[in-house]
Structures are given as C-alpha cells and as structure tokens.
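Participant: requesting a structural model of the entry that follows:
(2 chains, ligands or ions: 2)
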Amino acid sequence: MAYVPIADRGQEMSHPHSWVTKYVWSQDHKVIAIQYSITAIAVGVVAMVLSGLMRLQLGFPDTFSFIDPNQYYQFVTMHGMIMVIYLLTALFLGGFGNYLIPLMCGARDMVFPYMNMLSYWVYLLSVLILMASFFVPGGPTGAGWTLYPPQAIAQGTPGIGAGILLMLISLGVFIVAFTMGGLNYVTTVLQARTHGMTLMRMPLSVWGIFTATVLGLLAFPALLVSAIMMTLDNLIGTSFFMPAMVSMGELNEHEGGSPVLFQHLFWFFGHPEVYIVALPAFGIVSDLISTHARKNIFGYRMMVWAIVGIGALSFIVWAHHMYVSGMNPYFGFFFATTTLIIAVPTAIKVYNWVLTLWRGNLQLNVPMLFAIGFIFTFTHGGLTGLFLGNVVVDLPLSDTYFVVGHFHMVMGVSPVLVLFGAIYHWFPKITGKMFSETLGKWHFWLTLLGTYSIYLPMHYLGFLGVPRRYFAFDGTDFIPASAEAANVSITVAALIVAATQILFFINVIYSLFYGKKADPNPWGATTLEWQTPQNPPEHGNWGDELPRVYRWAYDYSVPGAKQDFIPQNVPPEAVEKAE
Amino acid sequence: METILLFIAAAIVTCLTYLWRNQITEKPWLTAGAIEDDASGVSDEIDPAARTGLMVFLAVVTSVFALFISAYFLRMELNDWRPLPEPGLLWVNTLLLFIGSFGMQAAWNAARREDKRGIQNGLLIAGAFTLAFIGGQLWAWQLLSDSGYFVYSNPANAFFFVFTGLHAIHLLGGLWVWLTTTHRLWSGAHLETVGLRVELCKTYWHYLLIVWLVLFALLLST
Ligand code: HEM
Ligand SMILES: [Cu+2]
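Facilitator: Residues are numbered from 1 along each chain as shown, chains lettered A, B, ... in the order given. Ligands and ions are numbered 1, 2, ... in the order given. All right, here's what the predicted structure looks like:
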C-alpha cells in the first residue's frame, strides 16, 4: 500500500452543522486555537490587573488601604503563575500551536481532533478552578509562584486552606489538558505532514512549537509529581517535603521532610518551562523577521539545531535557581557551566536574526516592529541571565529586583512582544480582516518604551539590594530615598503600559467588525497557511486536494524570480522568471 | 535525580536519532523540487498516528514514574526513613498482572489471525486478572494499614502508597479503553477497527507490567 498522508484519507471529517458544534464543541483546530487564545488572554488581563495593584502598593506605599500584606503576596503569586502557565504556555502552544501546526504542515486538522477539543475544555476547567480560589475563604495562595514548602502550606502564609489546594488541583488539571494537546501537536508534526514537507522544509515556527511541546511533555510531569506530593503533605500529613518545625508556637505534625527535594522537582520543570515559552517565540519571531525582511532566514539549519540543542540542554541547568539553597560547590560549578553553555546556541540565534535583518528589504510594519523589539528585550534579558548564572554573582543578587528585572525582560516582555507580533501577523488570516497600522504602531512604541522604563530601573534597584516579594520597605536603612522615586516612576510607567493594551483590544475588536477585507496573503509570505483556497481557511483547510510542497519556507527574494517570494507549494517549473 | 536524568538522556538520544534519520542535515535551500512521498520519513503503516500517540504518551508516563523514583532515592537518604516490609501478597498480585498482560497478548495474536473468539477470550482474561490485580493491591493497602503502616507514618510508606496508587490509576485508565473495546467487539464492530485498539491495549499492558516490575523490584530492594 502506498503511503497516503493521514490528512489525505477520506477520513470522517464530520462537518458541523449547528452553531454550537461549529463554535462551542468544535473539533476544528482553528476554532480550538481561538478558544484557547481568548481564554488565555482573558486570564492574562486578570494577571495584568494584579500587577497593576502590586505596582500601586510599591509606588505609593501607605496610600491604598485596600491592599494589605497578605493580599500583596496573593497578587504576586497569582500574577506569576497565571502569566507563566495559564497565559504564555497556553497561548503559545494551545493557541498558536493549534492554529499553525496543521496549516503550516499542510494537514487538514490535528490527528486526534476529539482529544484536541477535550484539551481545551479541560484547560478551561483548570482556569476556572484557579479563578475560584479568589472567592474561597482565605483567598488564593500567597506562597509565591514557586510554591516552596514549607511556607506554602505552613501557618502564616495566606491561602493555606482552600487557596493552595485549588492551586495544586488546577495545576494538575492544566497538565492533563496540556498532555492531551501536546500528544496532538507532536503526533501531527510527526505523521500528518503533507506531500513533500520534509522535516527540514518546516517553517521555524513549527520547529519551535514542536520542540517546546516535547519539552513540556517531559517536564510538566515534574510539576505534577511535586503537586501530588505537596497535596498529600497538606491533606494527609505525609512528610515528603515538610520538615518538623515549630510554627506559630506549635510543633507541626510533620517530620524529616526535605524542602530542597521540592526545589529540585520544581525547577526540573521550571527551567524547561522557560524554554517551553521561549522556543515557540524563537520560531515565530524567525518567521516574522524573514518574511518582513524579504530575505531567507540566515542559517536555517543552525536555527533548527539550536532549537533542538537548547531543548536538550534545558534539562541540565535547573539548579541555577537553587544556588542560594546551598549545594555542593562542585554542583554549583557544574550548573554554572551548563548555564553558560546554553547561552551559545541562544546567542547563535540572536546573531542569525540580526544577520537576517542585515541588508534585508525591511518592511517596518507592525509585526516586524514587534519582532525587532523582541531582539532588543531578549538580548537584554539574556545578558543579565549570564550574570545570574554565575554562583558568585547570583548570591548577592538573588531575590532582589535585579532578578525581577531579568526574568521580566527575558520571559515576560520578550514572549509577549512576539505574541503581539504574531497576533498582528496572522490577524488577516484568522479573521480575514486588516487591522489598523496606526493603532498598532502606537501600541508597539508605548509598550516597548513603557516596559523598558519599568524594567531597566529595576536592575539598579537590585544593585541597591531592594528585595523582591516585599510589600513595603520600612526599616530598611540601606535603601536610599532615590529608590522610592524610582518606584514611583516604575509604577507610573506600569500603569501607562497597562492602559496601552486597551489600544490593542480596540484595534482587534474594531478591525474584526469594520476592518477592511484582507488579501489572502497580504505580506507575500511563503508558508502554506497563506496559500489556503479560502481566507480565512474553512474546516478541512485545503478544499479537495492537499497542497504539495516543493521547497523550504524561506524562498524570499530569490535571484531570477519575478516575485520576491516563492510559496512552498510552487513547483520549480512554475516559478515566473524575471525579465 | 539520576533516574530522571537517565530517562531524559534516553529520550534525547531517541529524538536525535529520529531527527538524524530524517535528514536533519539536509540543506533545504538547495533541494527545491518534488519529493517521493515517503521521504518525509513516514512509513506506509495502516494507522501510525495512534501508535505514535501512544508512544509519546508512554514517554510522558515514564517521566512521571522516573521522577517519583528520583524523589524516592533522594528522600531515602534522610535519616527518618524506616523501610517497609512488603506484604507477600504482592507476589501473588504480580502473577495476576502477568496473566492479565498475557491475556492482552493472546487477544492481539488472535486479532492477527482475525479470530474473533480468540480476541474475546483474551480480552476477558486480561480484564478479569487486571481487576483482580487492582483488588489485590487494595488488599495489600488494607494489610499494611492494619499492621500500623499508615500513609503518613513514614515516607517509605507514603511512597509505597503513591507508587501503587498511581500505577493502579494508570491501569484503570487502560481498563476504560478495554471496556469500550470489549463493548464494540460484542456489539459486532468490524475486526479491523478493533484490531488497532487491541494492539494499543497490548502495548499499554506490557508497559504497565514492566513499570510494576521495576517498582516492585525497587520496593523489595530498599
Ligand atoms: C504589565 C506588565 C507586568 C508588570 C507591571 C509586572 C509586575 C510584577 C511585579 C510588581 C511583581 C512582583 C515583584 C515582587 O514583589 O517580587 C511581578 C512578579 C512576577 N511576574 Fe510580573 N509583571 C508584568 C508582566 C509579567 C509577565 C508577562 C510575566 C510572564 C512571565 C510575568 C511574570 C512574573 C513572575 C514569574 C513573577 C514572580 C512571582 C513571584 O515572585 O512569585 N510578569 N511582576
Ligand atoms: Cu533557569
């Protein structure tokens, strides 16, 4: 039997008929992608509001009576956890992974559409459980997004009753949802690519999302395992993590548990998590840059190898988050070394982006601006990461605002810029409408400059020793008054950035209804999703016949060709020659 | 953390080998043109997607167990660890699970001969003995609790309950697929559509048998 791509077989593509099966219980990867994205962005807004509240407290202490120290911890925790897991992971993989993988690989859908649908609904459930913790007695947990025991479940931390329990359950449910989605993404990339789509012809977006999913499938279990053990410590009184200790004058019921064990498990997930968020961003930004610079990506093979190499290395650096927990100096040396080694493939990627821009025919439209902004913020955050990777530098800077500045640059701002760029880039495909360039540019510049004014000063606060996760800095004489001024200005910038995001929502919603009709391929891009017979693509994506792929994804400005791009499904003999 | 690192290393080697075999060294910018269809590295099997999906899922489950085992070793080093006397019943349970796995194998062999009776018998054996295994594990829990080894009284006990519980939950998930498969078979579905499910069940059962053997060996030796 000759090989027939799965998507090509007359499989039961049950075309939905009612509104409910089409948009609610949908098995179409594009609808699921949109459901994922809307949910993720909605919780993301909650997390952003929380950060605004924290900033109000930090910029203007003693002014807002409705924020007390306990609430501050709850805000910190929920903000961090939502941003990292429920926004970024879900939006990159559940949102863009779902939308792009089948379209870019030339498949009709994910290979297990029903499971894909379940994945979304289970994800929604996890979000609802998490949100429910705002309304239970004691409120959400205030343990910090790292949930370190013993304090995560010890007296004195806010939300040690229902709050922490709901958090752990929600994480478990999220991991189930992610696994269902992840199995789909991996299997679809491996087995449902269309004719001629070899691995090395896949766009880098797919490579990034694919590798990130593999990382997620291997790393999320560590979070699951620690969540299970912590739940047992909390509910049944086991002592996996909980040591014997006197808290609030009482001896607790545990003995002998090891908090450091939790840290190992948590960061065994936590560091790969950084790359689960970063690799899709790397991939997508490569495609944005290449398309809008009208140039093939510099060093495609290196880019692929770097993605795979970073993915592999990301499993042996986790303890750089634990230098201050105390460890054998040789281990510290080992993890510092691996951390610096992982910077090599990362730096290669940055060089390649810059070299792609070099002498390109740059189209400074909104997606491109966001992509270039990403190169700046990522380089910036990556460089401070090199500092923190060294034990001797990390020890004094750990748990200061330097760290807050670092990780927000590298995994807060940078992926978010890519997400915005990606949303603008694929907006014409997803909705069939064009967005407003002007509003988009305002959105970009205010966000970029605003986030710099938030996070750049934080590095200096860190040098001064201003500690992270503090509600107020009373009685800390070593902190000069100028730090307070800096905090005021950071807060003002944060509020402006938050307000700026309204421009984005206005743009999206307005354009959705009143935007002008988009060309099917407005950017002149080569990848398959821009070559669909309908715009936006319909259920089944490709009409009667699957596209055939004849080339890689980066044939831009090919010498001798008439147009400055050759789509992947154009055979060599059909390329129009320039006169 | 050695256990999980070993597993991750194996996973990485597998991925790299796969990529290497699928021309990750090719220079795509030099090779425009049509490509023979199977060059994308996919074989001409009937339904590779479900098989691949299961393999990836088993990798995830292995990761979970490898992490628990890593945690077990790390926690064992602390001085409040009191080893647990494993009830002899576990040997009987192991035998039950062996037979369950054997039943799945028999069902799969029958499926290849397109022998419906044989599939039915195999599935019945598999289901019954797997349920018996789970019952036996519950009984072992009872025995331990009766003699004062509660979940919370020592980390060794806690790990025992977690290992066995987690393993049983995975079997229950498998039994769900087993249930739908038997249901289809008895309500007269085509053998072809059932065949793939039986094959996947067989793989899953063998896998969980191996996991149990590893866990059991670990518990016995520590
Ligand atoms: C509107 C932009 C944002 C602002 C103004 C902001 C502000 C803050 C503030 C004030 C804190 C608490 C610092 C402390 O007291 O230690 C914080 C913590 C944190 N933020 Fe953000 N943030 C923003 C966006 C993001 C994004 C996009 C991410 C995604 C990675 C993120 C991830 C985190 C994490 C992981 C923490 C640490 C939570 C913890 O300490 O447990 N933030 N942020
Ligand atoms: Cu890290």
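Participant: helix, strand or coil for residue 148?
Facilitator: Picked chain A for this. Using DSSP: H, G, I helix; E, B strand; the rest coil, the structure places residue A:148 in coil.
Participant: that answer is for a different chain, and I need it for chain B
Facilitator: Assignment for residue B:148 (three-state DSSP): coil.
Participant: residue A:257 now?
Facilitator: coil.
Participant: need the residue in chain B that's farthest from the chain's center.
Facilitator: residue B:30 (43.5 Å; C-alpha atoms, centre = their mean).
Participant: and the gap between that residue and ligand 1?
Facilitator: In this view, residue B:30 and ligand 1 are 40 Å apart by C-beta to the nearest ligand atom, to the nearest Å. No exception for glycine: its C-beta is placed from N, CA and C like everyone else's.
Participant: what residues are up against that residue?
Facilitator: By C-beta atoms under 8 Å, 6 or more residues apart in numbering or on different chains, the contact list for residue B:30 is empty.
Participant: give me the low-pLDDT residue ranges for chain A?
Facilitator: By pLDDT under 70, the low-scoring segments of chain A are A:1-17.
Participant: which residues does residue B:164 contact?
Facilitator: B:137, B:140, B:141, B:215.
Participant: quick check: closest non-adjacent residue to the third one.
Facilitator: Right, the one you point to is residue B:141. Among residues not flanking residue B:141 along the chain, residue B:161 sits closest, at 6.7 Å (C-beta to C-beta, 6 or more residues apart in numbering or on different chains).
Participant: ok, now residue A:206?
Facilitator: The spatially closest residue to residue A:206, leaving aside those adjacent along the chain, is residue A:104, at 5.1 Å (C-beta to C-beta, 6+ apart).
Participant: what about the one you found, how many neighbours?
Facilitator: 23 (other C-beta atoms under 10 Å in any protein chain shown).
Participant: all helices of chain B, in order?
Facilitator: B:2-21, B:48-76, B:89-112, B:116-146, B:155-186, B:191-221 (DSSP state H).
Participant: which one, of those, ends up nearest to residue A:194?
Facilitator: Residue A:194 sits nearest to helix B:48-76 of all the helices of chain B, at 14.4 Å, using C-beta to C-beta.
Participant: do that closest one and chain A meet at all?
Facilitator: Yes: for helix B:48-76, a contact with chain A is found by C-beta under 8 Å from any C-beta of the partner chain, at B:48-49, B:52-53, B:56-57, B:59-60, B:63-64, B:67-68, B:71, B:74-75.
Participant: could you give the angle of that helix to helix B:2-21?
Facilitator: 150 degrees (axes from the mean of the first three to the mean of the last three C-alpha atoms, to 10 degrees).
Participant: in helix B:48-76, what's buried?
Facilitator: By 16 or more other C-beta atoms under 10 Å in any protein chain shown, the buried positions in helix B:48-76 come out as B:48-57, B:59-72, B:74-75.
Participant: keep only those residues that also lie close to ligand 1.
Facilitator: Among those, no residue is within reach of ligand 1 (C-beta under 6 Å from any ligand atom).
Participant: does chain A sit close to stretch B:205-217?
Facilitator: No: Stretch B:205-217 does not reach chain A (C-beta under 8 Å from any C-beta); its nearest approach is 13.7 Å.
Participant: can you pull out the residues in contact with that stretch?
Facilitator: With C-beta under 8 Å, 6+ apart as the test, stretch B:205-217 has contacts from B:58, B:61-62, B:65, B:69, B:86, B:90, B:94, B:97-98, B:100-101, B:104-105, B:126, B:130, B:163-164, B:167, B:170-171, B:174.
Participant: give me the buried entries from these.
Facilitator: B:61-62, B:65, B:69, B:90, B:97, B:100-101, B:104-105, B:126, B:130, B:163-164, B:167, B:170-171, B:174.
Participant: show me the shaky parts of chain B.
Facilitator: Answering for chain B: the residues below the bar, that is pLDDT under 70, span B:36-47.
Participant: let's go with 50 and repeat that
Facilitator: B:38-46 (pLDDT under 50).
Participant: closest point of it to ligand 1, which residue?
Facilitator: residue B:67 (22.3 Å; C-beta to the nearest ligand atom).
Participant: ok, that residue touching residue A:222?
Facilitator: Yes: counting by C-beta atoms under 8 Å, residue A:222 is a contact partner of residue B:67 at 5.4 Å.
Participant: my read is that residue A:43 contacts residue A:128, right?
Facilitator: No: applying C-beta under 8 Å, one finds residue A:43 not in contact with residue A:128, separated by 10.0 Å.
Participant: more neighbours, these two?
Facilitator: residue A:43 (21 against 13).
Participant: ok, that one - contacts?
Facilitator: Contacts of residue A:43 by C-beta under 8 Å, 6+ apart are A:82, A:86, A:87, A:127, A:130, A:131.
Participant: okay, and the residue nearest to the third one when sequence neighbours are not counted sits in which element?
Facilitator: So that's residue A:87. Among residues not flanking residue A:87 along the chain, residue A:44 sits closest, at 3.9 Å (C-beta to C-beta, 6+ apart). Assigned by DSSP states H and E, residue A:44 belongs to helix A:29-59.
Participant: next, the buried residues of that helix.
Facilitator: For helix A:29-59, by 16+ other C-beta under 10 Å, it's A:29-37, A:39-41, A:43-44, A:46-48, A:50-59.
Participant: from the residues you listed, list the ones also adjacent to ligand 1.
Facilitator: Among those, the ones lying near ligand 1 by C-beta under 6 Å from any ligand atom are A:48, A:51, A:54, A:55.
Participant: closest to residue A:362 out of the residues you listed?
Facilitator: residue A:48 (30.8 Å).
Participant: how about that closest one, nearest residue that isn't a chain neighbour?
Facilitator: Spatial nearest neighbour of residue A:48, chain neighbours left out: residue A:498 (5.7 Å); criterion: C-beta to C-beta, 6+ apart.
Participant: which residues of the stretch 451-579 of chain A lie near ligand 1?
Facilitator: So far as C-beta under 6 Å from any ligand atom goes, the stretch 451-579 of chain A lies against ligand 1 at A:454, A:468, A:469, A:494, A:497, A:498.
Participant: kindly recompute the last result at 5 Å.
Facilitator: Contact residues, the stretch 451-579 of chain A versus ligand 1 (C-beta under 5 Å from any ligand atom): A:468, A:469, A:494.
Participant: which residues are contacting stretch A:237-252?
Facilitator: Against stretch A:237-252 from outside (C-beta under 8 Å, 6+ apart): A:149-150, A:153-156, A:229-230, A:232-233, A:253-259, A:261-262, B:71, B:75, B:80, B:151-152, B:155, B:158.
Participant: closest one of the contacts of residue B:164 to chain A?
Facilitator: Closest approach to chain A among those (C-beta to the nearest C-beta): residue B:141, at 13.2 Å.
Participant: surely that closest one touches residue B:162?
Facilitator: No: counting by C-beta under 8 Å, residue B:141 stays clear of residue B:162, with 11.5 Å between them.
Participant: got the phi and psi for residue A:275?
Facilitator: phi -80, psi -20 (degrees, to the nearest 10).
Participant: any idea how far it is from residue B:107?
Facilitator: Going from residue A:275 to residue B:107 by C-beta to C-beta, to the nearest Å gives 42 Å.
Participant: hmm, back to that, now the residue of chain B closest to ligand 1, nearest residue through space, not along the chain?
Facilitator: Using C-beta to C-beta, 6+ apart and skipping residues adjacent in sequence, the residue nearest residue B:67 is residue A:225, 4.4 Å away.
Participant: re the thing from before, which two of the residues of helix B:48-76 next to chain A have the greatest separation?
Facilitator: Greatest spatial distance in the residues of helix B:48-76 next to chain A: B:48 and B:75, 40.2 Å, computed using C-beta to C-beta.
Participant: what lies in contact with the host helix or strand of residue A:129?
Facilitator: Secondary-structure assignment from DSSP H and E places residue A:129 in helix A:113-132. The contact list for helix A:113-132 (C-beta under 8 Å, 6+ apart) reads A:25-29, A:32, A:35-36, A:39, A:43, A:46, A:78, A:81-82, A:86, A:90, A:94, A:98, A:109-110, A:140, A:166-167, A:169-171, A:173-174, A:176-178, A:180-181, A:183-184.
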